[in-house]
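# Sequence first, then the predicted structure, then my questions.
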Amino acid sequence: MSGKPRVLVANPALRPIGGGNLVAAWVLQALREDFEVSLGTLEPVDFAQVNRNFGTDLQAEDCKVEVAPRFYQTVLQNMPTRGALFEICTTMRWAQNLDRQNRYDVLFSTTNEFDFHRRGIQYVHYPWLYLPRPEVELGWYHRLPGTLRLYRAACMRVARLTREGLRRNLILANSEFVAGRVESAQVNGARVVFPPVVGDWPDTPWAQRRLGIAAVGRIHTGKRWDMAVDIVERVRQRGHDLTLTLIGHSDMAEYGQRLDAMAATRPWFRVLRDVDRHRLVAEISANRYGIHAMEEEHFGIAPAELQRGGCITFVHNSGGQVEIVGRDRRLTFEGIEDAAAKIATVIENPALEHELVGELRERRDWFSAARFCESIREVVEEFLGRPAPAVARRQTA
């Protein structure tokens, strides 16, 4: 026994993609020095791949990985369709069992609301108690009358949870937007801890950047990359030789083919898939601008990465992404024509462009990994009712 407080971090599967998994990896990194950490999960973890994609340097000895018994995987594999809520609720049941066996000092969910059967900490990316769900999250099966209600009831039964059990936790949210959703769903306050944007980001001089706009994220209809293409096309029609680079990983094959077809007829538009972290940083930092067209993005690691890479970033006027750009109306848009006009205005006005570059420099460190780690340690220490220790720690990105 180390004598350190024992923390169980619960996360369905620490895969090397997705903003939720990035947060989970950095929670482990933040706590590994001061706590004895265990990870309650449904799958084995490839730490080498996690480190490559998320910028962590986690080692097997940093935490004890508690993988659920094979029965859990058998149940998940026999589901007629993949359900994120069912994965969360299955993980919840596993975490409850682990805590009965080991009685941890702190229970910490990195995947939305959890009922641990006693008070814990939960990091909410978007509260699954909140209804109605965003349109982009709904599949065909959600639209069958009564299906969603029955599915949610089954999930809650698997998780052995009550709404009161969810509400007793200390709640962290990834944005003020999501904190508002949490309060609507749970009538409970939430503390905002922005996710980390990791990497060694070069400070590329403005004059050396291309007249280009970068976009980052899953190849999914909800991200509305075809809208981003239309926006850039409108800017080009105003006489500006603007390029568009979309950097993402495949999620919907048919939509990916549609984007490829658009790129085939537009030499100024290219799609880069499944690039490594080094290439991602290099591509972002080579552009002057960034764009994110999704409606009601919960937070938006992608626009935060664009801003961290030194791009003047334009986002749809909704969700948590407006917080990333400081709610600046010059950088938020309602539709295609509005976005094209605002981008063209910046290109055509060097003084405005210079002013926006100065302001984004002030915001770039809002989402650093070091700030995230310090916030998570403070939260856990406060939960335990003791001051945060001043100790030397391994360097974080």
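Looks like it came in fine. Numbers count the residues shown, from 1 in each chain.

# Let me see the contact set for the residue nearest to D230 when sequence neighbours are not counted.
Distances taken as Cβ to Cβ, 6 or more residues apart in numbering put I336 closest to D230, at 5.1 Å, once the chain neighbours are dropped. All C-beta spots, glycine's among them, are computed from the backbone N, C-alpha and C. By Cβ atoms under 8 Å, 6 or more residues apart in numbering, the residues touching I336 are 227, 230-231, 234.

# okay if I get the residues you listed as TSV plus neighbour count?
Formatted as TSV, these follow (neighbours: other Cβ atoms under 10 Å):
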residue	neighbour count
M227	17
D230	18
I231	27
R234	18
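
# pLDDT, distance to C63 and secondary structure added to those, as a markdown table?
Below are those laid out as a markdown table (pLDDT from 0 to 100; distance: Cβ to Cβ, whole Å; DSSP: H, G, I helix; E, B strand; the rest coil):
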| residue | pLDDT | distance to C63 | secondary structure |
| --- | --- | --- | --- |
| M227 | 97 | 41 | helix |
| D230 | 98 | 45 | helix |
| I231 | 98 | 43 | helix |
| R234 | 98 | 49 | helix |
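
# State the pair within the residues you listed that is farthest apart.
Greatest spatial distance in those: M227 and R234, 10.7 Å, computed using Cβ to Cβ.

# Show me the protein divided up by domain.
What automatic domain parsing lists as the domains of the chain is 6-196+368-384, 206-365.

# Can you tell me which of those has the worst average pLDDT?
Here the lowest mean pLDDT among the domains of the chain goes to domain 6-196+368-384, at a mean of 87.

# Give me the distance between the two termini of that domain.
Domain 6-196+368-384 has an end-to-end distance of 11 Å (criterion: Cα to Cα, to the nearest Å).

# And for stretch 241-260?
20 Å.

# For that stretch, give me every contacting residue.
17, 210-221, 223, 225-226, 228-229, 232, 235-236, 268-275, 280, 283-284, 287, 289, 291, 343, 347.

# Check stretch 118-127 too.
19-20, 23, 27, 99, 106-114, 134, 166, 168-174, 178, 181-182, 185-186, 190, 193, 298-299, 379-380, 383.

# Give me the buried entries from those.
Neighbour-count burial (16 or more other Cβ atoms under 10 Å) applied to the contacts of stretch 118-127 gives 19-20, 23, 27, 99, 106-114, 134, 166, 169-174, 178, 181-182, 185-186, 190, 193, 298-299, 379-380, 383.

# Next step: the residues you listed restricted to helices.
Per DSSP state H, helices hold the following members of these: 19-20, 23, 27, 99, 166, 178, 181-182, 185-186, 379-380, 383.

# Report the two of the residues you listed separated the most.
Farthest pair in those, by Cβ to Cβ: D99 and R181, 27.2 Å.

# circling back to that earlier point, would you reformat the ones in helices among the buried ones among the contacts of stretch 118-127 as TSV and include distance to A60?
Formatted as TSV, these follow (distance: Cβ to Cβ, whole Å):
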residue	distance to A60
G19	24
G20	22
V23	20
V27	17
D99	23
L166	32
V178	32
R181	36
V182	34
A185	37
Q186	36
V379	25
V380	22
F383	26
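
# from those residues, which is closest to R330?
Nearest to R330 out of these is V178 (Cβ to Cβ; 24.3 Å).

# Please state the backbone phi and psi of V124?
phi -110, psi 120 (degrees, to the nearest 10).

# what about it, how many neighbours?
Neighbourhood size, V124 [other Cβ atoms under 10 Å]: 28.

# Who does it form a beta bridge with?
According to DSSP bridges, the residues that bridge with V124 are A173.

# so how far is L76 from it?
From V124 across to L76, the span is 22 Å (Cβ to Cβ, to the nearest Å).

# Also L280?
In terms of Cβ to Cβ, L280 sits 30 Å off from L76.

# Repeat that for A286.
For A286, the distance to L76 (Cβ to Cβ) stands at 41 Å.

# how close does the residue of the chain positioned farthest from its centre sit to E348?
Computed with Cα atoms, centre = their mean, the residue of the chain farthest from its C-alpha average is G239, at 35.5 Å. To E348, G239 is 9 Å away according to Cβ to Cβ.

# Count the residues that sit near the closest residue to R168 other than its chain neighbours.
Excluding its sequence neighbours, the residue lying closest to R168 (Cβ to Cβ, 6+ apart) is R119, at 5.0 Å. When neighbours are defined as other Cβ under 10 Å, R119 has 12 of them.
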